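J.: got a predicted model here, sequence first, then my questions.
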Amino acid sequence: MTEHTKTDGLPAMDTPLMPDVAQRAAPRNERMAASKVECNACPVLCQISEGRAGACDRYANQGGVLVRVDPVVLLRRTLDAGGTPVLVPFAPSAQAASPQAATDSVAISTADAAWNGDLLHANEVFVTGVGASTTYPDYKPAPFIVACKADGVDMVTVVTEGIFSYCSMKVKIDTDRFLGPEQANVRYKGEAIGHVTTAEYGSQMLSLGGVHHLTGGSKKEGRMALELMERLGNKQAVECTIDGGATVVIQAGKPPVVGGVEEQRMRVGCGSAAVGIFARQLFGHADEVVVVDDHITGVLSEHQAGRCLGMPSSGIQMRGRKSTPGRYFQVANPGTGWGGTDIADPLSIIEGWEPGVARPGLRLLMTSTTGEHAQWFVLDEQLRPVEQAMPPEVRRVVERIGENCEPSLCSVLFLAGAGGSLRAGVTENPVLLTTAIKRALVNVTCGGAPAYVWPGGGITVMADVLRMPDRSFGTVPTPAIVAPIEFSMRLDDFAALGGHVDHVMPLEEVLKRGAWHNDGAPQARQWQAASPLNPWPLGEPPMLG
């Protein structure tokens, strides 16, 4: 096996790191050099030389012992006098900037200003799966099975890192811009790693990664899909190209950059919705309003909103396919121009004006669904629209359209199926865990963030990566994503589903020694504040489909 040599950032080997999942005496490959250790935390089975890390950069050989390089992440909160959760600043020593720093700060004491020393307040501490290690090879109990009390109830949280081959990133991009045709390939560094899926209201949607790209194509395709998914999950920027469409830079929580231009606004609604919302505000100031939209272009005088206000017909003759009064489909092709169309001149979607109905002096407002494009015209004696300065009262309504547009953002959701190894880490009869989740007896979280559990068979979970701790995602070169997952439930329910009750460890002991298989050695850890966006994982109702 080729040895992995990327050791930049590995801490010095004179101080113990986080002990390996068992400091285990795994069956030794007799052909392996005596100075190497074999890691069985994933199917790759790296043979690691002393002072080096494995292919995933998560495990290393320290003095002939397999150790975990990065710390386990623990969340905490404190309560004010009224019982309301409040966040407090961390002591500098608790912020682990490196694996070595994490090792140096393993002690829990009242000297740490962010920790009140009361281990009975289980509602203030939550052990996440970030850095917790995996259950591979499958039959082992999860690394952490933590017992605590939450509001006086005996609870158990089963904590692990999952190795996910069946997983993807679902990306929501708030923009009207045309990114590419539905079903078109999305490429990263030249490799097809996903596709464009159905657009939603004001947003373009991408499905990236997935088992077929990870394992069903070439090795390079699998590597690129894995790299993209890890970067997106860890809130980093990636640049993708879409066949027949645009180049787009995606980063969770940031505006998309389409064709080199950073998007600003998400539309307030389609063209029909916009003319309806702002009809009363425009009434009396314009004789006709056209809101240009790739999907449904709105024409106010024909629209029910205009008719209810008593607007007379303007005689406008529109391109496209009329749907219902004042609503037109296919006025132009998709693109990056006005309202997500390919037009730069809004008058190009007007075929003409009906003589005897249209009149000289008729006032026409044309705007996009975001108000970023807007022009004011007045018909001359030949019924030709002539652009003029927009009146202040009309400008204010256009600005109001823009004011009602939310900021354009990228949202990244991790979607994964929790397979046999994860469930076996909880119970020897995995179907009972699935059943318990469906019965809302188990709360599933990813790094402490709420996970939506899809309906139907299996355990298919989805979580917003912005609500997960930083650097929650890793990789193994099988290829697969490594991500945290936690199952919280009552202790009696855990016993009833055949859980590994012999490996339950009180929270106090976890904080002292780490995982159940660490034989009393200290565990590197990193404290993080619980996100105010998330419900507290213990005692909150599950998010079920």
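T.: Here it is on my side, so go on.
J.: just the strands in the stretch 51-200 of the chain please.
T.: 59-62, 65-68, 72-76, 78-79, 85-86, 125-127, 144-150, 153-164, 167-174, 185-188, 191-200 (DSSP state E, counting those that start in this stretch).
J.: roughly how far does Gly209 sit from Asn234?
T.: Per CB to CB, to the nearest Å, Gly209 is found 14 Å from Asn234. For the C-beta atoms, the positions are set from N, CA and C on the backbone; glycine is no exception.
J.: which one's more surrounded, these two?
T.: Gly209 (28 against 16; other CB atoms under 10 Å).
J.: so Phe414 belongs to a strand, correct?
T.: Yes: assessed with DSSP: H, G, I helix; E, B strand; the rest coil, Phe414 lies in a strand.
J.: Val465 is in contact with that one, correct?
T.: Yes: between Phe414 and Val465 there is a contact at 5.6 Å, judged by CB atoms under 8 Å.
J.: spatially, what comes nearest to Lys322 if we skip its sequence neighbours?
T.: Leaving aside its sequence neighbours, Lys322 sits nearest to Tyr328 (CB to CB, 6 or more residues apart in numbering; 5.7 Å).
J.: doesn't the one you found belong to a helix?
T.: No: the assignment for Tyr328, made by three-state DSSP, is strand rather than a helix.
J.: let me see the contact set for it.
T.: By CB atoms under 8 Å, 6 or more residues apart in numbering, the residues touching Tyr328 are Gly271, Ile296, Thr297, Gly298, Val299, Met318, Arg319, Gly320, Arg321, Lys322.
J.: where does this structure have its least confident helix or strand?
T.: Here the helix or strand of the chain ranked lowest by mean pLDDT, DSSP states H and E is helix 99-104, holding a mean of 30.
J.: pull out the buried residues from stretch 404-423.
T.: Neighbour-count burial for stretch 404-423 flags 404-405, 408-419, 421-423 (criterion: 16 or more other CB atoms under 10 Å).
J.: now that stretch: average pLDDT?
T.: For stretch 404-423, mean pLDDT is 92.
J.: stretch 169-187 too?
T.: Rounded mean pLDDT across stretch 169-187 is 96.
J.: so which bits of that stretch are buried?
T.: Buried residues in stretch 169-187 (16+ other CB under 10 Å): 169-171, 173-180, 184-187.
J.: ok, so of those residues, who is nearest Leu432?
T.: Closest approach to Leu432 among the buried residues of stretch 169-187 (CB to CB): Lys170, at 29.0 Å.
J.: anything in contact with each of Phe414 and Val465?
T.: Contacts common to Phe414 and Val465, judged by CB under 8 Å, 6+ apart, are Met169, Gly233, Phe473.
J.: from those residues, pick the one nearest Tyr452.
T.: Ranked by distance to Tyr452 (CB to CB), the shared contacts of Phe414 and Val465 are led by Met169 at 14.7 Å.
J.: so what's that closest one bridging to?
T.: Note on Met169: beta-bridge partners by DSSP bridges are Leu208, Phe414.
J.: which ones are touching it?
T.: Met169 makes contact with 194, 207-209, 228-229, 232-233, 412-415, 465 under the criterion CB under 8 Å, 6+ apart.
J.: show me the domain layout of the chain.
T.: 72-165+411-530, 167-266, 271-403 (automatic domain parsing).
J.: lowest average pLDDT across those domains?
T.: Of all the domains of the chain, the minimum mean pLDDT falls on domain 72-165+411-530 (a mean of 78).
J.: and the end-to-end length of that domain?
T.: Its start and end residues considered, domain 72-165+411-530 measures 15 Å (CA to CA, to the nearest Å).
J.: chain center to it: distance?
T.: 19 Å (CA atoms, centre = their mean, to the nearest Å).
J.: for stretch 162-170, same thing?
T.: Offset of stretch 162-170 from its chain centre (CA atoms, centre = their mean): 12 Å.
J.: how far away is the residue nearest to Lys322 from Gly340?
T.: Plainly put, Tyr328 is 14 Å away from Gly340 if you go by CB to CB.
J.: now do Ala416
T.: On the measure of CB to CB, Ala416 and Gly340 end up 32 Å apart.
J.: ditto for Met266
T.: In this view, Met266 and Gly340 are 11 Å apart by CB to CB.
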